[in-house]
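**Student:** Sequence and computational prediction follow.
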Amino acid sequence: MSAPCTQDQIQEELNRLLASRQFMDSPRLSRFLTYIVQKTLSGETDEIKEYTIGLAVFDRNTDFDPRLDNIVRVQASKLRSRLNDYYGSEGSSNSAQIRLLRGSYVPVFDYTPDGIASPIASVPMPTSTRAPTRVWFWLAAAFVLILTFAAGLLSALRIKPQAPRASQIRFEIPEPDGCRFLASPQLSPDGKKVAVGVLRKETDAAIYVHNLESGAGEILAGTAGGRFPYWTPDGKSLIFSKASRSFRVDLANGGESVSIAPTDTSFGVDVNRDGVILFAGNPGPVRRLSPSGGGLTAVTTVDKPEVAHVFPRFFPDGNHFLYLARNETPGDSAIYVASLDGRLKKRIVQTETRALFVVGPESISSKGYLFFVRGGELLVQPFDANRLELSGSPRHVTGDIQELPYGASTYWASSGALAYMTEGGFPGQLTWFDRTGKVIGKLGPVADLGDPVLSPAGTHVAYDQADGSNRDVWTMEIKSGKTTRITFDPEVDHDPVWSPDGSRIAFESHRTPQGLYVARSQGGTAESLALPGGDSLSDWSRDGNFLLFGSMRSEPGASSIRLMPLTLNRKPLIWMHAGKARWPVLSPNGKWIAYASTESGRSHIYVQPFDATSGPDSGKSQVSTGGGSQPSWRADGKELFYLSADNVLMGVGVRPGTPFDYERPAPLFDTRLRVLRGPRNDYTTHDGNRFLIRVPAYKETASPIHVVVNWSGMFGN
């Protein structure tokens, strides 16, 4: 029979919860639970609101808008799940229970007198344990030495010891002064260093390396503009992305970086001890680059309904590798094992994010563990690298992992350590610039947003915004700042494009069926258009009859500019084959098409006459001189803009007439786009006098890296 709880009983039950396996490894959920319980006990339930929780628990600023940032709702769902898990297992016989009902953030307390409370002592509330990393590292090392000495002594005395269960040691790596961590930390193969991309305040991105032994860290020279670092097997070098290319930097040679491939590491890269490098694209297969050079060659085949193979990771034998096969059907993505000869494809486990194989502490290369994520929970399970199969049951590691779009996540592991972040992504701020590069205003909140595009009238901007592992399309009124959410599907929606009259918005979606969709610009049900199968939506024709998109598929000869009629059978048509054609955009009068292509070996901007019925003719002009991407027309068609290879905004005057008559490109200003978002828009303009640019934003709240030494202790190792 249930009865009211006393405050002492509630406090004791809170302490039990915080000491349980469900909460002891989740400081955010522990803080959340403590806040709502303490506020309820003190009679301050009016303080238990989404806005106040965001500020008090999750360190949001006073401009926090729960409509745009759903962190409280997401974490509340996780909290309910943890409480249900606890009371369904070790807390099932507790006399007092704390519950969080759906639709409320105020906890409910129940007491059952005939229940049997768990005999666990009261423990203090958790507090931040940020300590110098070298202290904790050497404490862990000392602990291992003590265990080794004890085992040797027992052996000498011929006493058979019990297998010791080493304690886990946890600490945080704070962000360096003037920097904010970006995305996933990467542990070196020996577990002694962490590499991570950082955003430097008022400057640009770079690669930061932190030494766990000494506690010291440094920004690597030669990595300005870099992101997505990955270690080589010997731990002496890093491969990272910059300006849509991959670079390699040796830590011992003073930081000089060398370009190694015309593709980036956004969707994963790995290298074996023979020097074979695996790259991944989105969409597309895993591709290999041989140490002898040559081009990129596919080593996996994307089978429908798969859309991409991403985040490859070699096994110790250097032949087999893991990858995430992203599927167009929600919940059907999975981890597979493949081989370099392309003959093997074996499904291992269902997950929506990447996985890691880590050799166990016993250093037997065939025996290790597979890390993977489900529903924000990081799990680890024994894995046999010879038989290529899991064994036993998965163990819970932590519940604070953030799942990012396209299968990315915020953790990394080595044999001895685990590093993770509770927040990731690439926050940005929509910022107005004039033609000289002067900031003349800001629009909307700081958020992980992208693909901004102004409406035909210049009164609204459409964009996509991340919400955990999801992205949705939004619009914002320029004058008032009022936002309208256009899509509500739990799958990723991105790359919005306005119809000529501004009444509708087309976008790409990863929902089922995956492909192009269109919705009213005031919001409403989205209509499926077609399945483009790996193409990037870019423009809507001025007569409203068809959509344009550039094909980003990796198969030889597959890159092209395509049209999709919005009448008849809506079957996509190839208008022109081109080397990795991106961003095709029509001039306002519909007579010219500008696009970026790598057909010459480097991305350049081209313009040629456009006729939807006859295809391209021979009147092609290369407009850019030093490389280019992301072309955009002025609303009157008298000027064409693009980004140079070093992300300077360029302007090209256009004179009327045929053939295409244009002036020499002139630099306008440095866009500050040090962290580009791949084949998507980072800027937009209407009149050519002011430009709305997604500038990487420096977050005011810190996001430290959490480190766990001896994570394998949970298996008794």
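**Tutor:** Okay, I see it.
**Student:** tell me the SS of Thr297?
**Tutor:** Counting by DSSP: H, G, I helix; E, B strand; the rest coil, the backbone at Thr297 sits in strand.
**Student:** pretty sure it contacts Arg287?
**Tutor:** Yes: contact criterion Cβ atoms under 8 Å: Thr297 and Arg287 qualify, at 6.1 Å. To be clear about C-beta, it is placed using only N, CA and C from the backbone, and glycine gets the same treatment.
**Student:** quick one: what helix or strand has Gly225 in it?
**Tutor:** Using DSSP states H and E, Gly225 is not contained in any helix or strand.
**Student:** close enough to count as contact, it and Arg200?
**Tutor:** No: applying Cβ under 8 Å, one finds Gly225 not in contact with Arg200, separated by 10.5 Å.
**Student:** what do those two both touch?
**Tutor:** Here Gly225 and Arg200 have Ala206 as joint contacts, going by Cβ atoms under 8 Å, 6 or more residues apart in numbering.
**Student:** Show me the shaky parts of the stretch 551-700 of the chain.
**Tutor:** Scanning the stretch 551-700 of the chain for pLDDT under 70 picks out 551-559, 568, 577-580, 615, 617-618, 672-680, 698-700.
**Student:** Show me the strands in it, by range?
**Tutor:** According to DSSP state E, counting those that start in this stretch, the stretch 551-700 of the chain carries its strands in the segments 560-565, 573-577, 582-586, 592-597, 604-609, 621-622, 629-633, 639-643, 648-655, 661-662, 666-670, 683-685, 690-696.
**Student:** Ok, which of those comes nearest Tyr208?
**Tutor:** Closest approach to Tyr208 among the strands of the stretch 551-700 of the chain (Cβ to Cβ): strand 690-696, 15.3 Å.
**Student:** how about that closest one: buried residues?
**Tutor:** Residues of strand 690-696 classed as buried by neighbour count (16 or more other Cβ atoms under 10 Å): Phe691, Leu692, Ile693, Arg694, Val695, Pro696.
**Student:** want to throw those residues into CSV with distance to Asp59?
**Tutor:** Below are the buried residues of strand 690-696 laid out as CSV (distance: Cβ to Cβ, whole Å):
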residue, distance to Asp59
Phe691, 32
Leu692, 28
Ile693, 27
Arg694, 23
Val695, 22
Pro696, 20
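**Student:** Point to the helix or strand of this structure where mean pLDDT is at its lowest.
**Tutor:** None of the helices or strands of the chain scores lower by mean pLDDT, DSSP states H and E than helix 133-156, at a mean of 48.
**Student:** got the residue ranges for the helices in this structure?
**Tutor:** All helices of the chain, identified by DSSP state H, fall at 7-19, 27-41, 50-56, 71-87, 133-156.
**Student:** any idea how far the residue most central in space within the chain lies from Asp46?
**Tutor:** Relative to the mean C-alpha position of the chain, the nearest C-alpha, by Cα atoms, centre = their mean, is the one of Leu404, at 3.8 Å. According to Cβ to Cβ, to the nearest Å, Leu404 stands 35 Å off from Asp46.
**Student:** what number of residues lie near Leu18?
**Tutor:** When neighbours are defined as other Cβ atoms under 10 Å, Leu18 has 22 of them.
**Student:** Retrieve the pLDDT associated with it.
**Tutor:** For Leu18, the pLDDT comes out at 87.
**Student:** Same check on the one 10 residues further on?
**Tutor:** With respect to pLDDT, Arg28 has a value of 82.
**Student:** check contacts around it.
**Tutor:** Val57, Phe58, Gln75, Asp400, Thr422.
**Student:** what two of these are the furthest from one another?
**Tutor:** Greatest spacing in the contacts of Arg28, by Cβ to Cβ: Val57 and Asp400 (13.1 Å).
**Student:** between those two, which one's more packed in?
**Tutor:** Asp400 (22 against 19).
**Student:** What segments of the stretch 251-400 of the chain are strands?
**Tutor:** Taking DSSP E, counting those that start in this stretch as the criterion, the stretch 251-400 of the chain carries its strands at 257-261, 269-271, 277-280, 286-290, 293-298, 306-314, 320-327, 334-339, 345-350, 356-359, 367-374, 377-384, 389-390, 395-398.
**Student:** what about those, which gets the closest to Gly628?
**Tutor:** Evaluated with Cβ to Cβ, these place strand 257-261 nearest to Gly628, the distance being 17.9 Å.
**Student:** the inter-axis angle of that closest one versus strand 293-298?
**Tutor:** 50 degrees (axes from the mean of the first three to the mean of the last three Cα atoms, to 10 degrees).
**Student:** pLDDT averaged over strand 257-261 - what is it?
**Tutor:** Mean pLDDT, strand 257-261: 89.
**Student:** Stretch 236-247 too?
**Tutor:** If you average the pLDDT over stretch 236-247, you get 88.
**Student:** now do stretch 343-363
**Tutor:** Taken as a whole, stretch 343-363 carries a mean pLDDT of 88.
**Student:** quick one: buried residues of it?
**Tutor:** Within stretch 343-363, the residues scored as buried using 16+ other Cβ under 10 Å are 348-349, 351-361.
**Student:** got the residues you listed as CSV, with distance to Lys438 columns?
**Tutor:** Shown next, in CSV, are the buried residues of stretch 343-363 (distance: Cβ to Cβ, whole Å):
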residue, distance to Lys438
Ile348, 53
Val349, 52
Thr351, 47
Glu352, 43
Thr353, 41
Arg354, 41
Ala355, 47
Leu356, 45
Phe357, 51
Val358, 50
Val359, 54
Gly360, 57
Pro361, 56
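**Student:** with these in mind, which one is nearest to Thr62?
**Tutor:** Among the buried residues of stretch 343-363, Thr353 lies closest to Thr62 (Cβ to Cβ), at 32.6 Å.
**Student:** I figured the closest one hits Thr410, correct?
**Tutor:** No: Thr353 is beyond contact range of Thr410, at 9.6 Å (criterion: Cβ under 8 Å).
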